[in-house]
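# the following comprises the amino acid sequence and a computationally predicted model.
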Amino acid sequence: MGMTIRTITVSVDLGAAAADRVQLAAGLAERLRACLIGIGACRVPSYLPVGDMLAVERIYEDEERRAREQLEQVRALFEREAGTMPRTEWRSALTDPLAYHAEQAREADLVVVGRQGPADGDPGPTAAPTGALLMAVGRPVLVVPPGLERLGLGCAVVAWKETREARRAVHDALPLLSLAERVCIVAVGPEAHRAGAEGTAAYLTRHGLAATTHLLPDQPAVGAGDALLRFAGREGADLLVMGAYGHSRLREWIFGGATRDILQATHVCCLMSH
């Protein structure tokens, strides 16, 4: 077996989906006998000193108190939902959530974050943006949709593409794929070559995992992300594994179509590597 998962970090915020996400991460940590670290961060807004310095200081102190209160709330949520797990830690800081999560990821084998689609509501100021986090952490990221409190591993779907990111994702997912009852390798679109999918199946076989390969023809009307999610739905999949594609432009991340669609709309847990 390749890598093992010894430490999982989970992003904790005040969004409606946070409690389920912590439960899911705790359950996974228990199954893998891993340590679970809850991460919370909240930046205190800074103000340009204009006019009355005392007033500016007072505003800053109010904002700082509010940020500390929010961190206490997310900590309480983490401790409540992680339950009786033997190995948990809590880490928090008054700083930018994205930078803090990326920094703490140096100790993680897997980073668990929430889906942040247009319909998912505001997770509040302690949340790090999922897409940017995925690009920053240098670790496999498990994107969890709202309403899931357990990661079932009956079926896992691997989205195959002949790229560095996809190869990385398959390797990073080995510990989870080894728990799955069955694995489907899917190549989508005009460049879908059976050779790449078959080669990946052979790689998994050498790790003791059986996998079937599937070629999905190009469906321009649907898009690769949608085609993958439909396939995952048909197969009753619990996990989707894929490479994440994006590049930075003026501090904004621009994502490839399938990456963007799945980040916003996945209905199954999705392990992504960049």
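Done, it's in.
# what's the closest non-adjacent residue to residue 56?
Of all residues not flanking residue 56 in the chain, residue 49 sits nearest, at 4.9 Å (CB to CB, 6 or more residues apart in numbering). (Each C-beta comes from the backbone N, C-alpha and C, glycine too.)
# which SSE is residue 134 in?
In this structure, residue 134 sits in helix 130-136 according to DSSP states H and E.
# sec struct for the residue nearest to residue 56, please.
Residue 49 falls in the coil class when you classify it by DSSP: H, G, I helix; E, B strand; the rest coil.
# poorly predicted segments of the protein, please.
Low-confidence regions of the chain, defined by pLDDT under 70, span residues 1-2, 190-193, 250-251.
# buried residues of whichever strand or helix holds residue 66, list them for me.
In this structure, residue 66 sits in helix 53-81 according to DSSP H and E. Neighbour counts over helix 53-81 (16 or more other CB atoms under 10 Å) mark 63, 67, 70, 71, 73, 74, 75, 77, 78, 81 as buried.
# and which of the residues you listed is nearest residue 20?
residue 81 (8.1 Å; CB to CB).
# go ahead and confirm the closest one touches residue 24.
No - assessed by CB atoms under 8 Å, residue 81 is found out of contact with residue 24, at 9.4 Å.
# quick one: contacts of the helix or strand hosting residue 39?
Taking DSSP H and E as the definition, residue 39 sits inside strand 35-41. Defining contact as CB atoms under 8 Å, 6 or more residues apart in numbering, one finds that strand 35-41 is touched by 6-13, 22, 25-26, 29, 71, 74-75, 78-79, 82, 85, 87-97, 99-101, 104, 107-108, 126, 128.
# quick check: angle from that strand to helix 53-81?
Strand 35-41 and helix 53-81 are oriented at 160 degrees to each other (axes from the mean of the first three to the mean of the last three CA atoms, to 10 degrees).
# only C-alpha atoms, please: export strand 35-41 in PDB.
As requested, the backbone C-alpha atoms of strand 35-41 are provided in PDB (Å, rounded to 0.1, in the frame of the first residue of the first chain):
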ATOM      1  CA  CYS A  35      -5.500  11.900  14.500                       C
ATOM      2  CA  LEU A  36      -8.200  14.600  13.800                       C
ATOM      3  CA  ILE A  37      -7.200  18.200  14.000                       C
ATOM      4  CA  GLY A  38      -9.900  20.900  13.900                       C
ATOM      5  CA  ILE A  39      -8.900  24.200  12.300                       C
ATOM      6  CA  GLY A  40     -10.500  27.500  12.900                       C
ATOM      7  CA  ALA A  41      -9.300  31.000  11.900                       C
END
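# may I have the strands that pair with it, each with its orientation?
strand 7-11 (parallel), strand 88-93 (parallel) (DSSP bridges).
# kindly compare burial across those strands and name the winner.
Using mean count of other CB atoms under 10 Å, the stretch among those with the largest mean neighbour count is strand 7-11, at a mean of 25.
# where do the domain boundaries of the chain fall?
Taking automatic domain parsing as the reference, the chain has its domains at 7-144, 155-273.
# would you mind measuring the gap between the ends of the first one?
It refers to domain 7-144. Domain 7-144 has its terminal residues 17 Å apart, counting by CA to CA, to the nearest Å.
# do stretch 91-102 as well
Between where stretch 91-102 begins and where it ends, there is a gap of 13 Å, by CA to CA.
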